[in-house]
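**Q** The sequence and its predicted three-dimensional model are supplied below.
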Amino acid sequence: MNPDLLALITNIEARQPLATDAPVAAFHADPGNSHRQIYRNCNAKLGIDFSVDVLDFPGTQAFDARVVRIAAGCNNELHKHAHESLFYVISGTAEVRIGDATLTLNPGGLAFVPRWVFHQSKNLSPSDELVILAITDFGLTKAVLGDYDKRTRLAANGADVLDHA
């Protein structure tokens, strides 16, 4: 069994809290501020201009919180990945493609993206940044599959996204 998955299962079975020594401030984040950037792609030809920050909460194993920022009038890549995602629009207006469906989300709007479904978010504003909080089960999925995320991103020449580009 994958050591990361075994560690996750062991921690769940132990029925003990993780990160008990962390200061209370470590369990709070303001998604409006910058955090540790894990991905950025800008491709004017494809209308792509976005970044992804991760909110590093102590003790998180199964899911993670990400802040996606998309420049005015731009979008992220059409891509798919193994983890599930829940998108919450913090500011701006988003057009979210999920498979063949398209949703328009305003601040407070919520959308779910299942595993392995091609999806893309577009900023409908010509002047304001779109900010989305994405909650994913990346930690759990990475524990099962290993570090698969680079296969899903265009800027990293990801095979999964290139199959559909």
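**A** That came through fine. Residues are numbered from 1 along each chain as shown.

**Q** how about low-confidence regions in this protein?
**A** Along the chain, the model assigns pLDDT under 70 to residues 148-165.

**Q** Need the contact partners of the longest helix anywhere in it.
**A** Ordering each helix of the chain by length in residues (DSSP state H) puts helix 3-14 first. Helix 3-14 has contacts (CB atoms under 8 Å, 6 or more residues apart in numbering) with 18, 61, 62, 139, 140, 142, 143, 144, 146. Using the backbone N, CA and C atoms, a C-beta is placed for each residue, glycine as well.

**Q** Show the contacting residues for the fourth one.
**A** Yep, that's residue 139 we're talking about. The neighbourhood of residue 139, defined by CB under 8 Å, 6+ apart, consists of 8, 60, 61, 62, 63, 64.

**Q** correct me, but the third one touches residue 19?
**A** Looking back up the chat, that one is residue 61. No - using CB atoms under 8 Å as the test, residue 61 is too far from residue 19 to be in contact (10.0 Å).

**Q** Just list the residues touching residue 32, thanks.
**A** For residue 32, the contacting residues are 90, 131, taking CB under 8 Å, 6+ apart as the criterion.

**Q** Quick check: buried residues in stretch 77-89?
**A** 77, 78, 79, 80, 81, 82, 83, 84, 85, 87, 88, 89 (16 or more other CB atoms under 10 Å).

**Q** ok, now stretch 64-77?
**A** 64, 65, 66, 67, 68, 69, 70, 71, 74, 75, 76, 77.

**Q** which residue packs closest to the fifth one, ignoring adjacent ones?
**A** Closest residue in space to residue 68, ignoring its immediate chain neighbours: residue 132 at 4.4 Å, by CB to CB, 6 or more residues apart in numbering.

**Q** any chance of the buried residues of stretch 64-77 in JSON lines, plus secondary structure and distance to residue 56?
**A** Formatted as JSON lines, those follow (DSSP: H, G, I helix; E, B strand; the rest coil; distance: CB to CB, whole Å):
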{"residue": "64", "secondary structure": "strand", "distance to residue 56": "8"}
{"residue": "65", "secondary structure": "strand", "distance to residue 56": "9"}
{"residue": "66", "secondary structure": "strand", "distance to residue 56": "11"}
{"residue": "67", "secondary structure": "strand", "distance to residue 56": "12"}
{"residue": "68", "secondary structure": "strand", "distance to residue 56": "16"}
{"residue": "69", "secondary structure": "strand", "distance to residue 56": "17"}
{"residue": "70", "secondary structure": "strand", "distance to residue 56": "22"}
{"residue": "71", "secondary structure": "coil", "distance to residue 56": "24"}
{"residue": "74", "secondary structure": "coil", "distance to residue 56": "26"}
{"residue": "75", "secondary structure": "strand", "distance to residue 56": "26"}
{"residue": "76", "secondary structure": "coil", "distance to residue 56": "21"}
{"residue": "77", "secondary structure": "coil", "distance to residue 56": "24"}
